[in-house]
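Asker: after the sequence you'll find the predicted model.
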Amino acid sequence: MEFDYVIVGAGSAGCVLANRLTADGRCRVLLLEAGGRDANPWIHVPVGYFKTMHDPRTDWCYKTEPDPGLNGRSLAWPRGKTLGGSSSINGLLYIRGQAQDYDHWRQLGNVGWSYEDVLPYFRRSEDQERGPDTYHGVGGPLSVSNMPVDREICRAFIDAAQEIGVPANDDFNGATQEGVGYFQLTARKGWRCSTAVAYLRPARRRANLVIETHALAENLLFAEDDPRRVTGLAYRVKRERRTARLAPGGEVILSAGAIGSPQLLQLSGVGPGALLQELGIPVRHHLPGVGGNLQDHLQIRMVYEVNVRTLNDEINNVFRRMMIGLQYVLFRTGAMAMGASQVGIFTRTRPELETPDIQFHVQPLSADKPGIEMHDFSGVTTSVCQLRPESRGHIAIRSPDPAAYPAIHPAYLSAARDQETVVAAMRISRKLMATDALSPYVVGERVPGTDVESDEALLDAARNISETIYHPVGTCKMGHDEMAVVDDRLRVRGLSGLRVVDASIMPVITSGNTNAPTIMIAEKASDMILAARA
Ligand SMILES: Cc1cc2nc3c(=O)[nH]c(=O)nc-3n(C[C@H](O)[C@H](O)[C@H](O)COP(=O)(O)OP(=O)(O)OC[C@H]3O[C@@H](n4cnc5c(N)ncnc54)[C@H](O)[C@@H]3O)c2cc1C
């Protein structure tokens, strides 16, 4: 069978494409997903990421290489492996980033990617609970709703931030991002709204869409008479090797995410020549940027013991845990309906900056690592991350075997600016806790602890306690320089019949959580792809 489009990966981007490219019934589309169907009920309960993260049935369970910037620690890097991809296991927070992020992409020479250009695609994707306005849309596939949780300690954080000069902001995705307020969620009536739910469900019965799960894409196929033209893809379903062929004028679209897309290119001989040669892979197209430019947000999780009940007390207590379950079953509200964090703070570590450079994800709970057992005291966490890190890592395959995981080198905190910013961010966390609004609640700082005082000690603590906040991007960056992998229409440079559409194309990470920007990228790409066909 021949297809007009073969999409690799049914994640945040892939599900959007599968819907938009099949909508008018003219194109035949094959969507390949390495994971299974999104049948696990925990995928659909917002708090279920505590169950689906680190579970190999829904998470790839990657691990980074020991990172010098983290004193040699290696981190768990969850990535969704099911329909919906990472949007099926993520923390549901709906953040678009700053207008300046996209204007910067445009300044780098990427035509059509300024904020003015991309705003219509954010609006088109959205079904905003609060109704439409200049920034928000209604009637789109992706439901965006208000935080269904309101707690005394969360309100104290909102007051505390204002006390230190951060303005109140009830819409981080509106006129300005700076401020403090509750996050909004990609949720619908208390259920997760992944892209599989939002985009794939309405499209899955279309006669021109074939969806194959448990299908691992292995390598691209090229024309015999034109070694630069992609003609299809080899993939494996369990032990069976299959081939998907493109119809004339067709395209393979890689939406396998910031790890999967560069991995598949490298496996197909498209990437840094020296790396491929070392592994005995014939170099089809030397593209040195494939797998480079890796960026992520690193969260510094500071933990405070407080004198009011937090989710630690509720989840560690059988009766209260049952009450949380009952509240969710009856009303679809409460702790089971909330996202990974409740209160957001976007602020600046230096007054001369034009826009916020750090984001707090405040949580009325604490644990040694996200997704594992809560502490046995009443704890809150002020997770803070730098929004636009300057450190750049890379991803490199280790073997020609498509099932082998690539080596992930995040190079966290390797840039001096990033080191200064996390130290400043940790000091702002302490400033918040010392406000009139919060200090009456604080029993003490548990992590890293008040004995950690100097800049050097704080930086060292950051290296020891930080975790990914799950936003790897940039490994097939869009642009024009020699490290660019795709052009501004997301076509792989130097090849034909091949695009990359997912978080990996971001030239610079957006200032916030990366799901909504990835969905926007796919919305915009679908228009570009259909326009090229017309
Ligand atoms: C635990 C977690 C929490 C997060 N929290 C938030 C949040 O609260 N808010 C937010 O905005 N963002 C969050 N993110 C980030 C956000 O979800 C991602 O940036 C976004 O989903 C990336 O979309 P993508 O399409 O690039 O990749 P993905 O959604 O990861 O999709 C890639 C898909 O490709 C499939 N695939 C990969 N390789 C192959 C192959 N060889 N063959 C076939 N299929 C393949 C994968 O299984 C996957 O389904 C979180 C992510 C994680 C993991």
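Answerer: Ah, there it is.
Asker: pLDDT at the residue of the stretch 301-450 of the chain found nearest the ligand, what is it?
Answerer: Proximity of the stretch 301-450 of the chain to the ligand (C-beta to the nearest ligand atom) peaks at Ala340, 5.1 Å away. Placement of C-beta: from N, CA and C, glycine included. We have a pLDDT of 92 for Ala340.
Asker: and His471, how far from Thr186?
Answerer: Counting by C-beta to C-beta, to the nearest Å, the gap from His471 to Thr186 is 15 Å.
Asker: compare those two (neighbour count), which wins?
Answerer: Just comparing His471 and Thr186: by other C-beta atoms under 10 Å the higher neighbour count belongs to Thr186, 28 against 25.
Asker: what's the more buried one in contact with, if anything?
Answerer: Going by C-beta atoms under 8 Å, 6 or more residues apart in numbering, Thr186 touches 87, 92-94, 142-144, 192-194, 198, 515-516.
Asker: could you count how many residues lie near the nearest residue to it once chain neighbours are set aside?
Answerer: Leaving aside its sequence neighbours, Thr186 sits nearest to Cys193 (C-beta to C-beta, 6 or more residues apart in numbering; 4.7 Å). Look at Cys193: counted by other C-beta under 10 Å, it has 25 neighbours.
Asker: then Asp376 would be within a strand, right?
Answerer: No: counting by DSSP: H, G, I helix; E, B strand; the rest coil, Asp376 falls outside a strand, being coil.
Asker: thought it was touching Asn312?
Answerer: Yes: between Asp376 and Asn312 a contact is recorded at 7.3 Å, counting by C-beta atoms under 8 Å.
Asker: these two: which has the busier surroundings?
Answerer: Between Asp376 and Asn312, counting by other C-beta under 10 Å, Asn312 is the more crowded of the two (22 against 9).
Asker: and the more buried one, what helix or strand is that in?
Answerer: helix 311-315 (DSSP states H and E).
Asker: just checking, what packs against that helix?
Answerer: For helix 311-315, the elements it packs on are helix 318-331, judged by 3 or more C-beta pairs under 8 Å, 6 or more residues apart in numbering; DSSP states H and E.
Asker: what's next to whichever helix or strand comes after the helix it packs on, contact-wise?
Answerer: Where DSSP H and E defines the elements, the next helix or strand beyond helix 318-331 is strand 343-347. Identification of contacts with strand 343-347 by C-beta under 8 Å, 6+ apart yields 93, 95, 154, 157-158, 161, 166, 169, 172, 177-183, 356, 358-362, 387, 428, 432, 511-512.
Asker: which stretches of the stretch 401-534 of the chain form helices?
Answerer: Along the stretch 401-534 of the chain, counting by DSSP state H, counting those that start in this stretch, helices occupy 416-433, 455-465, 515-533.
Asker: with the stretch 101-250 of the chain instead?
Answerer: With helices called from DSSP H, counting those that start in this stretch, the stretch 101-250 of the chain shows them at 115-125, 152-163, 195.
Asker: mind pulling up the pLDDT for the nearest residue to Asp313 once chain neighbours are set aside?
Answerer: Nearest residue to Asp313, sequence neighbours excluded (C-beta to C-beta, 6+ apart): Ser378, at 5.6 Å. pLDDT for Ser378: 97.
Asker: contacting residues for Ser378?
Answerer: The contact partners of Ser378, by C-beta under 8 Å, 6+ apart, come to 305-310, 312-313, 443.
Asker: of the residues you listed, which is the nearest to Thr231?
Answerer: Asn312 (55.5 Å; C-beta to C-beta).
Asker: and the residue of the protein nearest the ligand?
Answerer: Closest point on the chain to the ligand, by C-beta to the nearest ligand atom, is Gly11, at 1.7 Å.
Asker: now that residue: how far from Ile300?
Answerer: For Gly11, the distance to Ile300 - C-beta to C-beta - is 27 Å.
Asker: these two - which one has more neighbours?
Answerer: Neighbours of Gly11 and Ile300, each counted by other C-beta under 10 Å, are more numerous for Gly11; the result is 33 against 26.
Asker: tell me, how many residues neighbour the residue nearest to the more buried one when sequence neighbours are not counted?
Answerer: Among residues not flanking Gly11 along the chain, Gly85 sits closest, at 2.1 Å (C-beta to C-beta, 6+ apart). Using other C-beta under 10 Å, Gly85 has 34 neighbouring residues.
Asker: which residues touch Gly85?
Answerer: 9-15, 33, 35, 79, 195, 257.
Asker: just the buried residues of these.
Answerer: 9-15, 33, 35, 79, 195, 257 (16 or more other C-beta atoms under 10 Å).
Asker: what would the residues you listed look like in JSON lines with pLDDT and secondary structure?
Answerer: Output for the buried ones among the contacts of Gly85, formatted as JSON lines (pLDDT from 0 to 100; DSSP: H, G, I helix; E, B strand; the rest coil):
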{"residue": "Gly9", "pLDDT": "98", "secondary structure": "coil"}
{"residue": "Ala10", "pLDDT": "98", "secondary structure": "coil"}
{"residue": "Gly11", "pLDDT": "98", "secondary structure": "coil"}
{"residue": "Ser12", "pLDDT": "98", "secondary structure": "helix"}
{"residue": "Ala13", "pLDDT": "99", "secondary structure": "helix"}
{"residue": "Gly14", "pLDDT": "99", "secondary structure": "helix"}
{"residue": "Cys15", "pLDDT": "99", "secondary structure": "helix"}
{"residue": "Glu33", "pLDDT": "98", "secondary structure": "coil"}
{"residue": "Gly35", "pLDDT": "98", "secondary structure": "coil"}
{"residue": "Arg79", "pLDDT": "98", "secondary structure": "coil"}
{"residue": "Thr195", "pLDDT": "98", "secondary structure": "helix"}
{"residue": "Gly257", "pLDDT": "98", "secondary structure": "helix"}
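Asker: on that earlier part again, wait, the residue of the chain closest to the ligand sits on Asp502?
Answerer: Yes: applying C-beta under 8 Å, one finds Gly11 in contact with Asp502, separated by 6.8 Å.
Asker: joint contacts of the two?
Answerer: 255-257, 518.
Asker: buried residues in stretch 451-459, which are they?
Answerer: For stretch 451-459, a neighbour-count test (16+ other C-beta under 10 Å) marks 452, 458-459 as buried.
Asker: can you narrow those to ones near the ligand?
Answerer: Counting by C-beta under 6 Å from any ligand atom, nothing from the buried residues of stretch 451-459 sits close to the ligand.
Asker: with pLDDT as extra columns, can I get these in CSV?
Answerer: Listed next are the buried residues of stretch 451-459 as CSV, based on pLDDT from 0 to 100:
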residue, pLDDT
Val452, 98
Leu458, 98
Leu459, 98
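Asker: can you tell me which of these is nearest Val270?
Answerer: Distances from Val270 to the buried residues of stretch 451-459, taken by C-beta to C-beta, are shortest for Leu459, at 38.1 Å.
Asker: sweet, I'm off.
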